[in-house]
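In: let's see this in three dimensions:
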Amino acid sequence: MSAKYRVFSPEFKKSVAQRILNGESVSSLGHELDIKRAVLYRWRDTYRKEGPAGFERPVGRPPGRAAALGPRTAPEAAQRRIAELERKIGQQTLDLDFLQRAFKRLKESRRNNTGTGATASTPRSEA
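Out: This is a model prediction of the structure:
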């Protein structure tokens, strides 16, 4: 069974957003219109931020979005991967230094603690 996609007109979205802003419950509108609450909240936020013009853009991915997703050429992708790996090496170096210092301290504390293992006690004072 395939999903059923509905397309709503900008006028419909505006009227629903106005109803929400006028105080109608998003849950009750969702049940009445059979639209998910997340979609209704998105419409409300768009209307608040951009006004009625926010619903006028064409359906689909916004223009220029593909370029923002990442580099298109192999050298740019390779440079990005190199930078990512260098950051990872730096983090691992920090982790290794921390663990070496911790091991050194643990080793020193074991050398200093050469007692018999008995618990220390204080002498009782007789009154």
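
In: pLDDT of the longest helix seen in the chain, averaged?
Out: Longest among the helix segments of the chain by residue count, using DSSP state H, is helix 74-112. The average pLDDT within helix 74-112 is 91.

In: what is that helix packed up against?
Out: Packing contacts for helix 74-112, counted by 3 or more Cβ pairs under 8 Å, 6 or more residues apart in numbering; DSSP states H and E, involve no helix or strand. The way it works is simple: take the backbone N, C-alpha and C, and place the C-beta from them, glycine included.

In: what comes up buried for it?
Out: By neighbour count with 16 or more other Cβ atoms under 10 Å, helix 74-112 contains no buried residues.

In: that one: how far from the chain's middle?
Out: The chain centre lies 24 Å from the centre of helix 74-112; the measure is Cα atoms, centre = their mean, to the nearest Å.

In: before we move on, what about stretch 35-51?
Out: That offset, for stretch 35-51, works out to 21 Å (Cα atoms, centre = their mean).

In: go on, stretch 17-25?
Out: With Cα atoms, centre = their mean, you get 29 Å for stretch 17-25.

In: 573 is where my numbering starts, stick with that
Out: OK, 573 is where the count begins now, so the last one is stretch 589-597.

In: so what touches it?
Out: 598, 601, 612, 615-616, 618-620 (Cβ atoms under 8 Å, 6 or more residues apart in numbering).

In: narrow those residues to those in helices?
Out: Of the contacts of stretch 589-597, the ones assigned to helices by DSSP H are 598, 601, 612, 615-616, 618-620.

In: which one of those residues has the most neighbours?
Out: Trp615 (23 neighbours; other Cβ atoms under 10 Å).
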